[in-house]
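Undergrad: Take this sequence and fold it.
(one chain, ligands or ions: 2)
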Amino acid sequence: MEKYDLLVLGGGAGGLVTAAGAASLGAKVALIDKNELGGDCLWSGCVPTKSLIHSAKQVQAARRAADFQLEVRGKPDFSLAHQRLHQAIQTIRTHDDPNRFRKMGVDVYQGAGVFQSPHEIQTGDDRRIWGKRIVIATGSRPVVPKIEGLEESGYLTNESALQLKVLPSSLLIAGGGPIGLEFAQVFARFGVEVTVVEMAPDILIREDPELIPYVKRALKREGIQFLTKTKVTGVQEKGSRKEITVDQDGSVRKFTVDEVMIAAGRKPNTETLQLDRAGVRTERGAIQVNPYLQTSRRHIYAIGDVIGRFPFTHAAGYEGKTVVAHAVLGLRRKVTYDHLPWVTYTDPEVFHMGLTESEAREKYGKIRVYKTDLSQVDRFVTEHAAEGLIKIVTNRKGTILGAHAVGPGAGDWMQEVVFAARYGHKIGDLSQAVVPYPSRAAAVQQTADQYWRETLFSGWLPKLTKRYLRWFR
Ligand SMILES: Cc1cc2nc3c(=O)[nH]c(=O)nc-3n(C[C@H](O)[C@H](O)[C@H](O)COP(=O)(O)OP(=O)(O)OC[C@H]3O[C@@H](n4cnc5c(N)ncnc54)[C@H](O)[C@@H]3O)c2cc1C
Ligand SMILES: NC(=O)c1ccc[n+]([C@@H]2O[C@H](COP(=O)([O-])OP(=O)(O)OC[C@H]3O[C@@H](n4cnc5c(N)ncnc54)[C@H](O)[C@@H]3O)[C@@H](O)[C@H]2O)c1
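TA: Ligands and ions are numbered 1, 2, ... in the order given. Here you go, the predicted model:
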């Protein structure tokens, strides 16, 4: 039986970072994947959706050409956006090519891995391999809620929606999270009549509620309808269409659409791994880990979507690096998510880092909140794109607890706050760096300037300054 220092089960965002990192440090590594390397992000997640989002943005920009009395005619051809999506995947997949990993010294096994014992995994070709340490990075898949008639009448998920070359005329999306909304806007921009059904009181439930009206207004303007506090309870085929039954806050409604898409959250891929043979504990399917990402068997680690914490590519990568440091170098570095950012790539984008205002209030009691409406920021005004908001939440001493923004490109221009928070800079420091005028990042600085205004122009300091000026004038 082949023996390894590290077995990595799953070659997606987390597994690839782990395998490459461990091999570069000289460990003997095996990487096992049942599909082509790359995982959800490459094949059915970030890469294809961001390609579609960009195509849809161009379509939307063309519509706006009328603002300059330019006439753009015709119907956008979605199959061309689909082609671009494939081009993006084909280009990016070269980074995840098995031969690239073999050159790094990683043995790549193709096929589903199954635990045989706490140190042994059976690979797809019925070979058994042994690992001193093992990392589980098998990702997640869509949750499909139990809805009467859904299985019989068929539905789309992110995977099948990305295979479409021709779009339905109307689409109901169950789920108003990032997946539901990113798809909703793409499809609406390509001419689909989209309804988003969300069972919670509002969309994007993890975001600061003050940001949501900006997103909703923008999406509604593009024709997307929202039904909140609403659950899909039944789907029935009606010829080539589908009759949907929903329960909207206690009252039943029916309507007909061409297609249904389920975007109702994710489920960790653990069922087929035979984790009981390894003694690895799960809770509601998610592998339980300690701050070093060790499972209930200390030589087995788990990272990424399979632990059900922060299902993002960059979180999986960060967790992978943390595991390499612990499992290969023996460094006792804990994961911390205090400064983990994420972005929902709707237009406007929604940026999130750390605690929301209410979470911070609950945890720390007295906090300070600094806000800037983008209508006060020159660059956004010049671009006629000034709908948005920045919100930075700090403790009483100015330590950044959370930062949130909604606006065009917010995912990029808010990065400065992540760096500042990560390295312990206070909000006042964000005001000290010189920012080019009129960059979008000036919005961050304008927000931070409020801290100094508050500090310098209220309290004891202005009184002291007045007295000083009286004495020396
Ligand atoms: C539509 C969509 C859009 C997204 N957009 C973004 C985004 O913009 N930004 C962002 O940060 N995140 C985004 N995500 C989330 C991101 O894709 C995931 O968080 C990320 O891929 C998780 O990485 P992972 O390593 O945990 O799992 P994955 O990357 O999915 O990798 C898991 C791997 O394990 C393999 N595997 C599973 N079971 C076995 C087995 N038994 N044996 C062997 N191999 C197995 C799979 O084949 C797969 O290759 C998006 C997700 C979706 C669905
Ligand atoms: N830009 C990004 O980084 C990005 C993009 C897409 C996905 N992702 C990741 O993928 C994860 C999954 O995304 P998601 O949007 O599927 O999940 P989610 O959990 O964020 O949202 C799912 C939504 O569906 C609702 N829902 C569940 N069952 C329902 C039902 N029967 N009827 C109506 N609504 C229902 C839930 O209340 C929830 O608001 C996200 O948490 C995110 O981390 C990230």
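Undergrad: drop to CA atoms for contacts and neighbour counts, all remaining ones
TA: Noted.
Undergrad: do the longest helix that the chain contains and ligand 1 meet?
TA: For the chain, the helix that runs over the most residues, judged by DSSP state H, is helix 46-63. Yes - using Cα under 6 Å from any ligand atom, we find that helix 46-63 touches ligand 1 at Cys46, Thr49.
Undergrad: Buried residues in the next helix or strand after that helix, which are they?
TA: On the C-terminal side of helix 46-63, the nearest following helix or strand under DSSP states H and E is helix 78-92. The neighbour-count check on helix 78-92 (16 or more other Cα atoms under 10 Å) flags Phe78, Ala81, His82, Arg84, Leu85, His86, Ala88, Ile89 as buried.
Undergrad: Format these as TSV; extra columns: distance to Leu37 and pLDDT.
TA: Listed next are the buried residues of helix 78-92 as TSV, based on distance: Cα to Cα, whole Å; pLDDT from 0 to 100:
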residue	distance to Leu37	pLDDT
Phe78	27	97
Ala81	24	97
His82	21	97
Arg84	20	97
Leu85	18	97
His86	16	97
Ala88	15	98
Ile89	12	98
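Undergrad: ok, and what's touching the strand or helix carrying Gly317?
TA: Using DSSP H and E, the element containing Gly317 is helix 313-327. If you take Cα atoms under 8 Å, 6 or more residues apart in numbering as the criterion, helix 313-327 is touched by 13-15, 17-18, 21-22, 41, 133, 292-293, 301, 303-305, 331-335, 340.
Undergrad: Now a ChimeraX select for only the buried ones of these.
TA: Written as a ChimeraX command, the selection of buried residues from the contacts of helix 313-327, which uses 16+ other Cα under 10 Å, is:
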select :13,14,15,17,18,21,22,41,133,292,293,301,303,304,305,335,340
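Undergrad: In strands, which of the contacts of helix 313-327 fall?
TA: Here DSSP state E is the test, and those give Arg133, Tyr301 as lying in strands.
Undergrad: before we move on, back to that, so which of the buried residues of helix 78-92 comes closest to Ser117?
TA: Nearest to Ser117, judged by Cα to Cα, of the buried residues of helix 78-92 is Ile89 at 36.2 Å.
Undergrad: Tell me if I'm right that that closest one and Val47 touch.
TA: Yes - the criterion here is Cα atoms under 8 Å, and Ile89 meets it with Val47 at 6.6 Å.
Undergrad: thinking again about what came up before, ok, which of the buried residues of helix 78-92 also contact ligand 2?
TA: With the criterion set as Cα under 6 Å from any ligand atom, no member of the buried residues of helix 78-92 is near ligand 2.
Undergrad: any idea of the mean pLDDT for stretch 54-67?
TA: Average pLDDT, stretch 54-67: 95.
Undergrad: wait, does that stretch contact ligand 2?
TA: No - under the criterion of Cα under 6 Å from any ligand atom, ligand 2 is not reached by stretch 54-67; the shortest gap measures 13.2 Å.
Undergrad: Next, the buried residues of that stretch.
TA: Under the neighbour-count criterion of 16+ other Cα under 10 Å, stretch 54-67 has His54, Ser55, Ala56, Lys57, Val59, Gln60, Ala62 buried.
Undergrad: Surely the fifth one is in contact with Arg189?
TA: The reference is to Val59. Yes - counting by Cα under 8 Å, Val59 does reach Arg189; the two are 6.8 Å apart.
Undergrad: wait, doesn't Pro142 sit right on Thr157?
TA: Yes - counting by Cα under 8 Å, Pro142 does reach Thr157; the two are 7.0 Å apart.
Undergrad: which residues are in contact with both of the two?
TA: Both Pro142 and Thr157 are in contact with Ile262, Ala263, where contact means Cα under 8 Å, 6+ apart.
Undergrad: how about the helices in the stretch 351-473 of the chain?
TA: 357-364, 378-382, 410-413, 415-422, 427-432, 442-457, 460-472 (DSSP state H, counting those that start in this stretch).
Undergrad: same question, the stretch 101-250 of the chain
TA: Going by DSSP H, counting those that start in this stretch, the stretch 101-250 of the chain shows helices at 150-153, 158-161, 178-189, 212-221.
Undergrad: how about the helix or strand bottoming out on mean pLDDT in the chain as CSV, C-alpha atoms only?
TA: Ranked by mean pLDDT, DSSP states H and E, the weakest helix or strand in the chain is helix 460-472, scoring a mean of 76. Extracted in CSV, the C-alpha atoms of helix 460-472 (Å, rounded to 0.1, in the frame of the first residue of the first chain):
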residue,chain,number,x,y,z
TRP,A,460,-13.1,68.2,25.6
LEU,A,461,-10.7,68.9,22.7
PRO,A,462,-12.6,71.8,21.0
LYS,A,463,-13.0,73.5,24.4
LEU,A,464,-9.3,73.2,25.1
THR,A,465,-8.4,74.5,21.6
LYS,A,466,-10.7,77.5,22.1
ARG,A,467,-9.0,78.4,25.4
TYR,A,468,-5.6,77.9,23.8
LEU,A,469,-6.5,80.2,21.0
ARG,A,470,-7.8,82.9,23.4
TRP,A,471,-4.6,82.9,25.4
PHE,A,472,-2.3,83.1,22.4
